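Chemist: fold the following for me, if possible:
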Amino acid sequence: MKYLLQIILLFIFIGGVQSQVVTTEPVIVTEDESVTITFYADRGSRGLVNFTGEIYAHTGVITNESTGSSDWRYVIAEWGENIPKAKLTMVAYNRHQLVIDNIREYYGVPAEEEILQMAFVFRSATQINGSWREGKDTDGSDIFIDVFKPELAVVFQSPQDDMLVLANEEITVVGHSMNADGMKLYLNEDVIHETSSSTLEHTFAAPASGVHELKLEAFDQDNSVFQTRSLFIRQETVEEPKPEGLRLGANVIDEETVTFVLQAPFKEYVYLIGDFNDWEPNPDSQMKRDGEFYWLTINDLEPGVEYAYQYFIDGSLRLADAYTNKVLDPWNDHYIPDRIYPNLKPFPADKTTGLAAVVNTAPEVYPWQVVDFSPPANEDLVIYEVLIRDFTSNQDIKTITDTLDYFVRLGVNAIQLMPFNQFEGNESWGYNPSFFFATDKAYGTANDYKAFIDACHERGIAVIMDIVLNHTFSQSPLLQMYFQGGRAASNNPWYLRDNNIQNPHLQWGFPLNHESEYTQALVDSVLSFWVTEFNIDGYRFDFTKGFTNTPYGPNSWASEYDASRVAILKRMVDNLREVKDDAIIIFEHLADNSEETVLADYGILLWGNMNYSFSEAVMGYHDGGKSDFSWASYSNRGWSNPNLIAYMESHDEERVMFRALNYGAEVPGYSVKNLRNALNRKKAAAAFLFSIPGPKMIWQFGELGFDYSIDDFGGRLAPKPPKWDYLENADRKRLWNVYSQMIHLKREEAVFSTTDYNMNVAGAVKHIALNHESNDIRLVGNFDTQTRTVAPQFSSTGWWYNHFKGDSIYVEDLSLEVELAPGAFTLFSSTKMFGFDPTTSIRDLQKSAVNIEMYPIPVNDKLYVQSPYVISSVYVFDANGRQLLQRIVDDHDLELETSHLSAGFYFIQVVHQNGIVSRRKFLK
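Modeler: Predicted structure coming up:
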């Protein structure tokens with residue numbers, strides 16, 4: 001019986017042994033024969049072009065047990081692990097070889113498992129300037145080599161893929177067979193060449209028009225097998241002006257019509273391929289040209305249906321639309337749970353490769369509840385930085401929406417989401433962007449993000465989008481369109497070919513050219529999109545120091561004043577303010593103060609990294625001024641406006657509690673490494689942070705003393721556990737209470753926005769004085785490891801209120817000193833403030849709430865007090881209620897000096913940390 005076996009092509013246009021990125025000898029590979037694989041570094045992604053160092057193969061196999069092309073099995077080594085049998089030999093410039101004697105033995109595949117393909121990514125032996133040099137396929141995908149059974153087989157050597165050619169263009173076909181009596185080459189139904197050899201070669205002229213099929217058939221006496229290639233005849237590009245009013249990307253004209261616009265200078269022709277035309281580059285899918293723009297209108301679309309599509313450029317590139325709002329990813333989408341992204345459209349793996357864009361003429365419209373939200377004033381911002389992945393165990397934006405009341409209780413008025421536009425992979429911080437107009441599906445649907453923003457606005461919380469416009473990673477279509485030698489081509493309109501900042505610590509991905517008008521138009525479109533379509537309130541711009549073409553050497557941190565950079569940034573800000581005049585604009589700039597002062601004067605908020613100083617203070621180290629908080633003050637930087645966002649922790653810094661518990665100071669009788677002590681010290685740090693006028697930021701779970709290292713659980717970028725169980729720890733909850741109290745005070749009390757303040761915060765004992773017509777604040781803290789006495793430097797006599805103790809003292813001597821235990825702090829105010837909760841009034845205290853012991857009675861020169869509970873403060877009053885003595889305590893017992901008291905009756909008030917207050921009478 002005669003039968004036909006058609007070999008199904010796993011990849012279309014760019015697939016199989018693609019574009020000769022690799023060749024094999026023999027051409028038809030079987031598992032039990034030796035095969036020599038030649039890798040051409042100057043082809044495909046060209047990431048290893050001209051590379052003369054050692055190259056290794058990261059390789060595995062696709063078997064009948066694999067779930068797809070990304071399910072490599074029997075990978076011979078971990079990524080980055082250099083083993084001898086995976087090392088390639090350089091045989092010529094840009095040509096490297098790997099010899100495998102027996103495929104099954106090489107990979108260790110069990111006999112019962114069928115090997116279908118070998119899979120490869122070639123890489124440098126080590127990272128170069130912080131990243132791997134990689135050799136992949138033209139579209140950045142993995143390289144695959146088919147493995148055949150030792151039976152009748154046939155394969156095209158050329159063309160490798162379906163072909164797109166001009167009319168009458170010469171086409172050369174080369175094919176090989178195994179165990180065959182002969183081969184035939186068909187054009188449509190006609191045999192145009194045949195041979196009895198195991199190799200067929202034939203040259204012919206392409207037809208004048210249309211779509212045709214090339215079929216290569218091998219046969220023996222009983223059976224035949226074949227492979228096919230499609231032959232598309234390309235027409236000359238039609239020159240026609242595009243309709244007015246169109247933007248780049250997919251323009252929905254009505255529910256049945258979309259006009260697509262691509263900006264592609266220097267390109268010769270473009271086809272629009274997708275679900276709407278079965279992914280074929282036929283005459284109807286060839287885009288028209290208007291200068292450097294290509295455009296095409298597609299009709300008869302079905303409303304509410306998602307259509308995947310790509311641009312097929314110059315017969316070699318299949319790219320998703322850079323302006324799409326949704327990306328389909330064949331390598332990562334299948335890992336996204338249905339609960340996070342229900343009914344996610346599958347990638348059309350049988351039709352194309354790379355990434356695909358999606359368009360829908362009638363998507364579900366989100367019903368906004370808040371349409372007129374006004375964000376808080378810049379100086380009032382208290383920002384909570386969130387990494388969606390690590391904030392809840394569900395790792396999605398919907399769960400955070402359900403958790404928003406937590407932020408309300410804490411008191412923050414802005415949430416800053418780490419980048420959530422499309423980034424590479426699913427597990428990431430988001431600073432490896434690939435598409436600027438699409439939400440990353442790993443955290444939810446676009447409407448899930450909108451629901452989060454809407455719910456925040458309902459609660460008075462602004463939403464700030466962390467965005468990366470300094471660079472992209474390799475999957476960006478704007479990069480791939482003009483990519484050469486592992487970097488942007490010299491004619492790329494959007495990118496720099498070479499990084500102008502040579503310091504490897506400041507290089508990420510591929511740098512955008514911010515002096516280019518193309519890049520500036522892109523940036524303006526991106527910033528306009530999110531504030532109009534998603535009601536984002538503003539942006540935190542990552543690494544704005546990189547928005548320059550000024551060259552900086554390998555030892556420079558690019559911090560010097562750069563007038564070109566300032567002009568670029570001001571232009572961007574001006575354009576954004578035209579779209580949204582109250583947009584929150586935050587720069588992670590970290591340049592010289594001379595430049596940051598100019599930007600601050602322009603109304604831009606700037607990150608102020610105080611992690612080092614606050615860490616040193618909490619750990620208990622102060623020599624050389626290392627714990628000085630002064631730089632957290634905008635006025636100490638010489639700025640006119642409070643546009644400094646000071647923070648002690650961010651996503652990028654080591655956690656303060658981790659440092660305290662692992663590296664804190666220790667002296668006899670006191671250790672910072674003790675959890676309770678460390679948490680108390682972080683309370684003091686929080687009180688100082690929020691008392692300094694100006695906006696502030698906290699990193700997620702910092703308010704609970706998150707104490708895992710940034711490098712735990714597999715590295716800096718690895719997922720960290722969400723520690724909601726911390727709320728069950730009483731000491732951590734007390735830290736949370738201090739954060740919450742300080743945040744509410746900052747937002748509610750005008751004194752915390754005063755311009756009349758001074759700070760003495762360089763040593764172990766720190767002091768902040770805030771003065772305002774409504775209230776004066778005196779904050780003192782002891783960051784030493786021993787008890788210290790400090791004068792709060794009261795500004796007036798009379799009653800002052802110890803806010804966190806809920807009690808008051810009558811100040812007669814402005815130089816009155818208080819005693820602070822290690823890690824303790826006290827915040828005094830001249831008027832009662834928001835949240836002040838007095839334990840009780842002095843005159844109402846007639847009985848002891850707890851049995852305290854005092855001796856000797858009558859008192860002579862000293863009075864000794866003991867309590868079963870920890871005492872926080874002690875006050876002594878005369879018979880008329882006048883306060884004569886006050887001590888801040890953090891112990892169960894204390895000794896009071898009473899030699900200066902005259903003979904008579906006195907009252908002592910003992911306030912405990914648990915809130916219990918006792919009052920006793922004693923005789924001197």
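
Chemist: low-confidence ranges, this protein, go.
Modeler: Per-residue confidence for the chain (pLDDT under 70) gives these ranges: 1-19, 129-130, 837-850, 915.

Chemist: domains of it?
Modeler: The chain resolves into domains spanning 4-150, 249-360, 378-752, 842-923 when parsed by automatic domain parsing.

Chemist: buried ones in the longest strand anywhere in the chain?
Modeler: Of all segments of type strand in the chain, defined using DSSP state E, the longest is strand 862-878. Neighbour counts over strand 862-878 (16 or more other C-beta atoms under 10 Å) mark 863, 865, 867, 869, 871, 872, 873, 874, 875, 876, 877 as buried. Just so you know, the C-beta spots here come from the backbone N, C-alpha and C atoms, and that holds for glycine as well.

Chemist: starting at the chain centroid, how far to the longest helix seen in the chain?
Modeler: The longest helix of the chain (DSSP state H) is helix 730-748. Put simply, helix 730-748 sits 27 Å off its chain's centre (C-alpha atoms, centre = their mean, to the nearest Å).

Chemist: just checking, what packs against it?
Modeler: strand 382-386, helix 404-410, helix 675-691 (3 or more C-beta pairs under 8 Å, 6 or more residues apart in numbering; DSSP states H and E).

Chemist: for the stretch 1-150 of the chain, what spans make up the helices?
Modeler: 103-107 (DSSP state H, counting those that start in this stretch).

Chemist: all the strands of it, residue numbers only.
Modeler: 4-6, 22-25, 35-40, 55-63, 89-92, 95-100, 115-124, 134-135, 143-146 (DSSP state E, counting those that start in this stretch).

Chemist: any idea how far residue 809 lies from residue 799?
Modeler: For residue 809, the distance to residue 799 equals 7 Å [C-beta to C-beta, to the nearest Å].

Chemist: and what of residue 81?
Modeler: 70 Å.

Chemist: re the thing from before, in a markdown table, list the helices and strands packed on helix 730-748 along with mean neighbour count.
Modeler: Formatted as a markdown table, the helices and strands packed on helix 730-748 follow (neighbours: other C-beta atoms under 10 Å):
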| stretch | mean neighbour count |
| --- | --- |
| strand 382-386 | 24 |
| helix 404-410 | 14 |
| helix 675-691 | 24 |
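
Chemist: distance to residue 455 added to those, as CSV?
Modeler: What follows is those, written out as CSV (distance: least, C-beta to C-beta, whole Å):
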stretch, distance to residue 455
strand 382-386, 14
helix 404-410, 6
helix 675-691, 25
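
Chemist: still on that earlier bit, using a markdown table, please lay out the domains of the chain together with distance to residue 804.
Modeler: As requested, the domains of the chain are arranged in a markdown table below (distance: least, C-beta to C-beta, whole Å):
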| stretch | distance to residue 804 |
| --- | --- |
| domain 4-150 | 46 |
| domain 249-360 | 41 |
| domain 378-752 | 7 |
| domain 842-923 | 9 |
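
Chemist: so which of these gets nearest residue 790?
Modeler: Closest to residue 790 of those, according to C-beta to C-beta: domain 842-923, at 9.2 Å.

Chemist: if we can go back for a sec, can you pick out the most distant pair from the buried residues of strand 862-878?
Modeler: 869 and 877 (21.1 Å).

Chemist: before we move on, the earlier item: can you list the strands of the stretch 1-150 of the chain in a markdown table and add distance to residue 249?
Modeler: Compiled in a markdown table, those are given as follows (distance: least, C-beta to C-beta, whole Å):
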| stretch | distance to residue 249 |
| --- | --- |
| strand 4-6 | 37 |
| strand 22-25 | 35 |
| strand 35-40 | 34 |
| strand 55-63 | 34 |
| strand 89-92 | 43 |
| strand 95-100 | 39 |
| strand 115-124 | 31 |
| strand 134-135 | 29 |
| strand 143-146 | 31 |
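
Chemist: how about the ones you listed in a markdown table, adding mean neighbour count?
Modeler: What follows is these, written out as a markdown table (neighbours: other C-beta under 10 Å):
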| stretch | mean neighbour count |
| --- | --- |
| strand 4-6 | 11 |
| strand 22-25 | 18 |
| strand 35-40 | 20 |
| strand 55-63 | 23 |
| strand 89-92 | 12 |
| strand 95-100 | 18 |
| strand 115-124 | 23 |
| strand 134-135 | 24 |
| strand 143-146 | 22 |
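
Chemist: quick one, which of those is nearest to residue 383?
Modeler: strand 134-135 (36.9 Å).

Chemist: how long is stretch 286-304 end to end?
Modeler: Stretch 286-304 has an end-to-end distance of 25 Å (criterion: C-alpha to C-alpha, to the nearest Å).

Chemist: in it, which residues are buried?
Modeler: In stretch 286-304, counting by 16+ other C-beta under 10 Å, buried: 286, 287, 288, 289, 290, 293, 294, 295, 296, 297, 298, 301.

Chemist: from these, which ones fall inside strands?
Modeler: Residues from the buried residues of stretch 286-304 lying in strands, with DSSP E as the criterion: 288, 289, 290, 293, 294, 295, 296, 297, 298.

Chemist: now, which of those sits nearest residue 766?
Modeler: When those are compared against residue 766 (criterion: C-beta to C-beta), the nearest one is residue 293, at 60.6 Å.

Chemist: can you report phi and psi for residue 343?
Modeler: Dihedral pair for residue 343: phi 50, psi 40, per degrees, to the nearest 10.

Chemist: nearest residue to residue 809 other than its sequence neighbours?
Modeler: Of all residues not flanking residue 809 in the chain, residue 886 sits nearest, at 4.9 Å (C-beta to C-beta, 6 or more residues apart in numbering).

Chemist: which other helices and strands contact the helix or strand harbouring the one you found?
Modeler: Assigned by DSSP states H and E, residue 886 belongs to strand 883-897. Using 3+ C-beta pairs under 8 Å, 6+ apart, the elements in contact with strand 883-897 are strand 807-811, strand 818-820, strand 862-878.
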